[in-house]
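Asker: I need the structure of the sequence given here:
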Amino acid sequence: MFSEKKKDPKQDLTKEQNKIAQGTTFKGDIESQGSFRIDGKVEGTIKTPGRIVVGKSGCVEGEVKCHSADFEGKFTGKLIVESQLSLKSSAHIEGEVITDKLSIEPGALFNATCVMKDGVKTLNDEKGRKRKQKKGETA
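Answerer: Just a heads-up that it's a prediction; the model follows:
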């Protein structure tokens with residue numbers, strides 16, 4: 001009579017949150033299906049299909065690959081964000097950033113090279129020649 005909806009176990013895992021508390025230092029590589037909240041210090045590589053939140057006291061040095069990220073703390077290294085990277089006013093980012101969308105609040109320090117994915121599309125002009133169009137530009 002009542003059908004039970006089957007949950008995707010992969011979806012449940014990305015809802016789990018790993019936490020590195022203030023005063024904690026972790027050195028090494030971390031790979032998880034869950035999201036991260038970092039208020040301590042991480043030196044190494046973090047990979048997750050979830051979200052990473054770095055609080056004001058948080059510091060990450062190394063490489064990060066994630067779906068989305070919110071930074072209030074510090075980051076140095078290579079940051080690869082599949083969707084949106086949000087930098088709060090207290091954020092301090094240095095290194096290399098690759099993302100699809102970027103949001104920076106006034107006051108944030110952003111000293112990085114940045115590549116915006118899917119930012120350039122190839123179009124054909126009236127004569128059939130190909131030209132590149134930037135995101136937001138009309139044809």
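
Asker: do a quick rundown of the helices in this structure.
Answerer: Listed in chain order, the helices of the chain (DSSP state H) span 9-15.

Asker: any weak-confidence spans in it?
Answerer: 1-15, 119-139 (pLDDT under 70).

Asker: go again with 90.
Answerer: The model of the chain has pLDDT under 90 over residues 1-16, 117-139.

Asker: show me where the chain has strands.
Answerer: Along the chain, the segments classed as strands by DSSP state E run 17-20, 25-31, 35-38, 41-47, 51-54, 59-66, 68-71, 74-87, 92-104, 109-116, 120-124, 130-134.

Asker: dump the ones you listed to a markdown table, plus mean neighbour count.
Answerer: C-beta coordinates here come from the backbone N, C-alpha and C atoms, glycine included. Formatted as a markdown table, the strands of the chain follow (neighbours: other CB atoms under 10 Å):
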| stretch | mean neighbour count |
| --- | --- |
| strand 17-20 | 16 |
| strand 25-31 | 12 |
| strand 35-38 | 22 |
| strand 41-47 | 18 |
| strand 51-54 | 23 |
| strand 59-66 | 20 |
| strand 68-71 | 23 |
| strand 74-87 | 20 |
| strand 92-104 | 17 |
| strand 109-116 | 12 |
| strand 120-124 | 10 |
| strand 130-134 | 10 |
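
Asker: contacting residues around Asn111?
Answerer: Ile93, Glu94 (CB atoms under 8 Å, 6 or more residues apart in numbering).
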